[in-house]
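A.B. asks: everything below, folded, please.
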Amino acid sequence: MDIANKVRAFIQQNFYTAASAQLDDGTSLLDAGIVDSTGVLEVVGYLENEFGIKVDDSELLPENLDSIGSITAFVRRKRG
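C.D. replies: Have a look, this model is predicted:
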């Protein structure tokens, strides 16, 4: 399973996603109300455990964590 599919599965299992079929790579998780500020910390914990990366406080930005696509790109950058 690739990064995007793992992240999508985590979000669908741990957050309320009524329109999960519409949860594409570009959907804003914050704007759609799927993930709130506390949820972002849960996502970060998952990313650190699942992909063996460390997310610094300075990296807790929407451009890194607001969609499945941005999370996937972020994880790829962190893993080198």
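A.B. asks: residue 36 contacts residue 30, doesn't it?
C.D. replies: Yes. With contact defined as C-beta atoms under 8 Å, residue 36 and residue 30 form a contacting pair (7.4 Å). Placement of C-beta: from N, CA and C, glycine included.
A.B. asks: which residues touch the residue of the chain positioned farthest from its centre?
C.D. replies: Computed with C-alpha atoms, centre = their mean, the residue of the chain farthest from its C-alpha average is residue 80, at 17.9 Å. With contact taken as C-beta atoms under 8 Å, 6 or more residues apart in numbering, residue 80 is in contact with no other residue.
A.B. asks: and it, how far from residue 69?
C.D. replies: 19 Å (C-beta to C-beta, to the nearest Å).
A.B. asks: the chain: helices as residue ranges?
C.D. replies: In order along the chain, the chain carries the following helices (DSSP state H): 3-14, 37-51, 62-65, 68-79.
A.B. asks: distance of residue 32 from residue 74?
C.D. replies: Using C-beta to C-beta, one gets 18 Å for the distance from residue 32 to residue 74.
A.B. asks: these two: who's more crowded?
C.D. replies: Residue environment comparison for residue 32 versus residue 74 gives the larger neighbour count to residue 74, 20 against 15, counting by other C-beta atoms under 10 Å.
A.B. asks: the closest residue to that one other than its chain neighbours: neighbour count?
C.D. replies: Using C-beta to C-beta, 6 or more residues apart in numbering and skipping the chain neighbours, the partner closest in space to residue 74 is residue 64 (4.3 Å). Counted with other C-beta under 10 Å, the burial measure for residue 64 works out to 20 neighbours.
A.B. asks: so where's the chain uncertain?
C.D. replies: In the predicted model, the chain carries pLDDT under 70 at residues 18-21.
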